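Participant: sequence and predicted model, in that order:
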Amino acid sequence: MKIYKFLSLFFIAFNLFTLSSCRNNDDDDPQDTSTGNLQIKFENGFNNLGDIVLNQTVQTSAAGQKHKFSTLKYIISNITLIDEGGNEFKYNENNPDKGAFIVDQADAVAGVIYLNLNGIPKNNYKKVKFGLGINPKAYFLGQDGQAEFWAKAKQKGMSWSWAAGYVFVKLEGKYGTASADTEFMNHAGNMGNITANDMPDLYREITLSLPTTARVTAEIRPSIHILADLNQFLSGTKTLSLTTGNNMMMGSGQHLVDVTNNLTTMFKVDHVHND
Ligand SMILES: [Cu+2]
């Protein structure tokens with residue numbers, strides 16, 4: 001009897017041991033808390049012309065206006081990765097110092113601007129979501145709460161005064177009918193306390209499906225390659241024309257609300273690299 005009891009205890013212990021060793025070998029182990037890195041590439045172009053070269057690439061809008069950019073910059077923040085089960089991993093949410101980036105066409109290397117994220121939980125991701133601009137919740141944290149990013153934005157010309165806030169999207173260049181020779185500046189963003197001033201909120205969130213799963217592991221750093229089609233600026237959901245009334249606009253006036261809405265649809269994930 002005694003030996004029987006001993007053997008059954010031994011059997012239970014052995015089973016527990018094999019179960020736990022099985023789990024350790026399982027690749028999809030939910031207990032696996034390892035992290036990896038992820039890269040997001042932004043490639044700004046006109047879908048019919050390819051990459052944009054500042055001061056060079058000339059496009060004709062749906063309304064027939066020739067236009068080219070001398071400055072093309074926007075803020076990306078609150079990047080969220082969504083896995084197969086719909087669970088979200090939020091990368092430094094509403095923490096601009098760690099989670100906001102400036103995509104500046106002047107920084108493009110062979111047409112691509114690189115954002116590097118680290119500490120991403122190992123997982124298979126199906127969608128990426130991000131903010132265009134800075135969430136008012138983050139801005140309301142105050143200047144001390146984002147000193148590092150504020151300094152960066154200032155240096156990159158992506159801020160007004162602190163009281164006036166961030167420039168979310170900065171487009172400058174030239175436009176015209178026969179040739180692109182008249183200057184324009186469209187700086188879109190939330191000026192100051194939009195709630196108190198009852199102004200439109202230009203912060204936008206964009207969700208994109210990945211054509212291939214991004215498999216983050218300690219060894220594999222996937223790269224999500226996003227194309228931004230700047231045709232959406234003037235030839236998007238709403239056809240826009242630059243005029244003397246809107247060619248030097250800053251803040252969140254109606255033209256800039258329209259520009260922001262058009263740009264919100266310009267992104268798509270072209271492909272994902274898993275290597
Ligand atoms: Cu690529």
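Facilitator: Great, that's in hand. Numbers count the residues shown, from 1 in each chain.

Participant: now do the SS call for K137.
Facilitator: Secondary structure, DSSP: H, G, I helix; E, B strand; the rest coil: K137 is helix.

Participant: please report how far it lies from Y91.
Facilitator: Going from K137 to Y91 by CB to CB, to the nearest Å gives 15 Å. Yep, even glycine has a C-beta here, placed from its N, CA and C like the rest.

Participant: swap in L208?
Facilitator: 15 Å.

Participant: neighbour-wise, which of K137 and Y91 wins?
Facilitator: Using other CB atoms under 10 Å as the criterion, K137 and Y91 rank with Y91 on top: 20 against 11.

Participant: isn't that one up against F101?
Facilitator: No - the pair Y91 / F101 is not scored as a contact, 10.4 Å apart, by CB atoms under 8 Å.

Participant: next secondary structure after the lengthiest strand in the chain?
Facilitator: Secondary structure of the chain per DSSP state E: the longest strand is strand 66-83. With elements assigned by DSSP states H and E, the helix or strand that comes after strand 66-83 is strand 88-90.

Participant: which parts of that following strand are buried?
Facilitator: For strand 88-90, a neighbour-count test (16 or more other CB atoms under 10 Å) marks F89 as buried.

Participant: and stretch 32-41, by the same measure?
Facilitator: Applying 16+ other CB under 10 Å to stretch 32-41 flags 32, 36-41 as buried.

Participant: which ones among those map onto strands?
Facilitator: Judged by DSSP E, strands contain the following of the buried residues of stretch 32-41: 36-41.

Participant: for this protein, give me the ranges with low pLDDT.
Facilitator: Where the chain drops to pLDDT under 70, the residues are 1-30.

Participant: domains for it, by residue range?
Facilitator: Domain assignment for the chain by automatic domain parsing gives 1-31, 34-274.

Participant: buried deepest among those domains, which one?
Facilitator: Each of the domains of the chain was assessed for mean neighbour count using mean count of other CB atoms under 10 Å. The highest is domain 34-274, with a mean of 18.

Participant: pull up the distance across that domain, start to finish.
Facilitator: 17 Å (CA to CA, to the nearest Å).

Participant: now it, how far from the centre of its chain.
Facilitator: Relative to the mean C-alpha coordinate of its chain, domain 34-274 is positioned 6 Å out (CA atoms, centre = their mean, to the nearest Å).

Participant: I figured V259 was touching N186, is that so?
Facilitator: Yes - contact criterion CB under 8 Å: V259 and N186 qualify, at 5.8 Å.
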